[in-house]
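A.B. asks: What follows is a predicted structure for the sequence shown.
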Amino acid sequence: MSPDESGRSPRGQGHLLRNRILEAAIARMADGQEPADISVRQLADDVAKTVPALYQHFDNKTQLFVTAATTALDDMATEVSQQLSSETDIDTRLRRRAHAYVDFAVSHPVPYRLLFMTPDPDGTQNSLDIMMASVGFHALVDDLTAARDNGEMIDRDPTEVAIVLWTALHGVASLLIAHPHLGWPDGLLDQVLDQHAFGLAPR
C-alpha cells in the first residue's frame, strides 16, 4: 500500500506533510475562502492524503486553521525582520513593522479575522496570547527595549508598551477591513504612530 493510500508519510517526513497542509489552508484563505466553508476533506484532497492523515497533525479543524493563520502572520514578520536587518534607526524599524502588520491584515482579511476578530466563547483561542507568541510581537518588544535602553523612550515595560501599540494597530486594521470605503484620513496609521511616539518620547 502506498503512503498516500495509507494516509501515512514516509518515516521522518511527517513535518513535510504538516507544512503542506498549512500551505493548503493558507492558500484557500488567501483566495478569500472562510474556514467555515472549507472542509477537511478539501484540504486532504489538496495534499493528496486522507482525512485521518490530517488529524495525525492537528487535533481539530479549528486548530488547523488557527495554526495556518499564525504561520502566515509569522512568515510576514520574519520577512520584515530580514528586510530590517541592516536598519539601525528604531523609529524606522517600528514604523516598518507597524505598516507591515496593517498591510498584512488588509491583504489577508480571512486569517486576520480568524485570529483577532472572531468571537471565542469557550476561551480556547486567546487572541492576545496568539499575538504575544508571534514572531512579530517578539521583534516589536526587542525594538522597544532598544529604544528604552538608548534613551529614546520613557522608562516603561516594553512588553506593556507593545501590547498597547498592538491594540492601536489592531484598531486601524480592523476598521480598514470592516469599513474600507469610509474615507479615512490620509496617512491614518502614521498619524496614530505619531501620537504614540509623542506619548512615549522622553520628557
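C.D. replies: That came through, no problem. Numbers count the residues shown, from 1 in each chain.
A.B. asks: From here on, just use CA atoms for contacts and neighbour counts.
C.D. replies: Will do.
A.B. asks: got the domain boundaries for this protein?
C.D. replies: Domain ranges of the chain: 1-58, 65-200, per automatic domain parsing.
A.B. asks: and residue 172, what does it touch?
C.D. replies: Listed by C-alpha atoms under 8 Å, 6 or more residues apart in numbering, the contact set of residue 172 reads 102, 188, 189.
A.B. asks: how about low-confidence regions in the chain?
C.D. replies: By pLDDT under 70, the weakly predicted segments of the chain are 1-14, 121-124.
A.B. asks: switch to 50 and redo it
C.D. replies: Counting by pLDDT under 50, the chain shows low-confidence ranges at 1-6, 12.
A.B. asks: Longest helix in it, by number of residues?
C.D. replies: Using DSSP state H to define each element, the chain has its longest helix at helix 61-83.
A.B. asks: in it, what counts as buried?
C.D. replies: 61, 64-74, 76-77, 80-81 (16 or more other C-alpha atoms under 10 Å).
A.B. asks: Of these, just say which sits nearest to residue 34.
C.D. replies: Distance to residue 34 across the buried residues of helix 61-83 (C-alpha to C-alpha) is lowest for residue 65, with 9.8 Å.
A.B. asks: measure residue 151 to residue 42 for me?
C.D. replies: 53 Å (C-alpha to C-alpha, to the nearest Å).
A.B. asks: These two: who's more crowded?
C.D. replies: A direct count of neighbours by other C-alpha atoms under 10 Å for residue 151 and residue 42 places residue 42 higher, at 15 against 12.
A.B. asks: nearest residue to residue 66 other than its sequence neighbours?
C.D. replies: Of all residues not flanking residue 66 in the chain, residue 115 sits nearest, at 6.7 Å (C-alpha to C-alpha, 6 or more residues apart in numbering).
A.B. asks: pretty sure the one you found contacts residue 65?
C.D. replies: No: in this structure, residue 115 is not within contact of residue 65 by C-alpha atoms under 8 Å, at 9.4 Å.
A.B. asks: can you pull the contacts of the residue nearest the centre of the chain?
C.D. replies: Nearest residue to the geometric centre of the chain (C-alpha atoms, centre = their mean): residue 73, 2.7 Å. Shown in contact with residue 73 (C-alpha under 8 Å, 6+ apart): 104, 134, 136.
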